[in-house]
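Novice: attaching a predicted model along with its sequence, questions to come.
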Number of protein chains: 2
Amino acid sequence: MNTFENVAVAKEANIYFEGKVTSRTILFKNGEKKTLGIMLPGEYEFSTGNKEVMEITAGNLHVKLPGSENWETYVSGTVFEVPANSSFKLIVKETTDYCCSYIEE
Amino acid sequence: MNTFENVAVAKEANIYFEGKVTSRTILFKNGEKKTLGIMLPGEYEFSTGNKEVMEITAGNLHVKLPGSENWETYVSGTVFEVPANSSFKLIVKETTDYCCSYIEE
């Protein structure tokens, strides 16, 4: 089992879009923060504060990154980055499990 | 923020019912195991291995415990227990955030 060790986990979930997107906040001892999340099929738009690195653990989704005219497809094992202070659109085709890393720049 | 400290978290989600029920596995240094989960509205039946203590962090659901003829309602801040090696039925009325503890007897 692939695990994050010696971390703190928030007991309460982050819940968006009536539960169709949810995540758990993971805090590392070095101050790093990640969320582990699930997105059910649907269309969503999110805004970023810090830069985000989104690693797809399972699922299938289309992503339109800020400044791009194109939708790109991401599946298990792929990664995309979203700049700080921007927004991006998602069309989730299959229930998607992800790990999002928040990068302070 | 209420957190579990110094734990290991599985990177991959546990996904049931096409993503309508998902959870994250948390392992404690003393060997204890919990899952933090989300259940979207719907009707579900689950089987237990170990005894389970289900703490509802947010939401609203009806539960029919093994051996009971009655449906009981649980909301944020309430807890119910499910015996080992049994099954229980749930009708989730509102997106429910829970913490499940697995008790070895």
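Specialist: Okay, I see it.
Novice: parallel or antiparallel, list what pairs with the strand or helix carrying residue A:92.
Specialist: For residue A:92, the host element (DSSP states H and E) is strand A:87-103. Here strand A:87-103 is paired, per DSSP bridges, with strand A:33-39 (antiparallel), strand A:42-47 (antiparallel), strand A:51-64 (antiparallel).
Novice: any chance you could list what contacts the shortest one?
Specialist: Residues outside strand A:42-47 that contact it (CB atoms under 8 Å, 6 or more residues apart in numbering or on different chains) are A:16, A:17, A:20, A:21, A:85, A:86, A:87, A:88, A:89, A:90, A:91, A:92. Placement of C-beta: from N, CA and C, glycine included.
Novice: the fourth one: how many residues sit nearby?
Specialist: Yep, that's residue A:21 we're talking about. Residue A:21 is flanked by 21 other residues according to other CB atoms under 10 Å in any protein chain shown.
Novice: what's around the closest residue to it other than its chain neighbours, how many residues?
Specialist: Closest residue to residue A:21 apart from its sequence neighbours, by CB to CB, 6 or more residues apart in numbering or on different chains: residue A:39 at 4.8 Å. For residue A:39, the neighbour count with other CB under 10 Å is 24.
Novice: using the three-state scheme, assign residue A:70.
Specialist: Put simply, residue A:70 is coil when judged by DSSP: H, G, I helix; E, B strand; the rest coil.
Novice: state the distance from it to chain B.
Specialist: Here residue A:70 is placed at a distance of 26 Å from chain B (CB to the nearest CB, to the nearest Å).
Novice: that residue against residue A:89, yeah?
Specialist: No: Residue A:70 is not in contact with residue A:89 according to CB atoms under 8 Å; the separation is 11.4 Å.
Novice: among those two, which residue is more densely surrounded?
Specialist: residue A:89 (15 against 8).
Novice: so what's the more buried one bridging to?
Specialist: Residues in beta-bridge contact with residue A:89 (DSSP bridges): residue A:45, residue A:64.
Novice: low-confidence ranges in chain A?
Specialist: Along chain A, the parts satisfying pLDDT under 70 run over A:1.
Novice: swap in 90 and give it another go.
Specialist: By pLDDT under 90, the low-scoring segments of chain A are A:1, A:105.
Novice: and the spatially closest residue to residue A:94 that is not a sequence neighbour, how many neighbours?
Specialist: Once flanking residues are discounted, residue A:94 sits nearest to residue A:60: 4.1 Å by CB to CB, 6+ apart. Per other CB under 10 Å, the neighbour tally for residue A:60 reads 17.
Novice: swap in residue A:29?
Specialist: Applying other CB under 10 Å, we find 10 residues neighbouring residue A:29.
Novice: distance check, residue A:73 against chain B.
Specialist: With the distance defined as CB to the nearest CB, residue A:73 ends up 18 Å from chain B.
Novice: returning to what we had before: quick check: the residue nearest to residue A:94 touching residue A:78?
Specialist: No: the pair residue A:60 / residue A:78 is not scored as a contact, 10.0 Å apart, by CB under 8 Å.
Novice: hmm, residue A:72 is touching residue A:78, no?
Specialist: No: counting by CB under 8 Å, residue A:72 sits too far from residue A:78 to count as a contact (9.1 Å).
Novice: overlap in contacts, those two.
Specialist: Listed as contacting both residue A:72 and residue A:78 by CB under 8 Å, 6+ apart is no residue at all.
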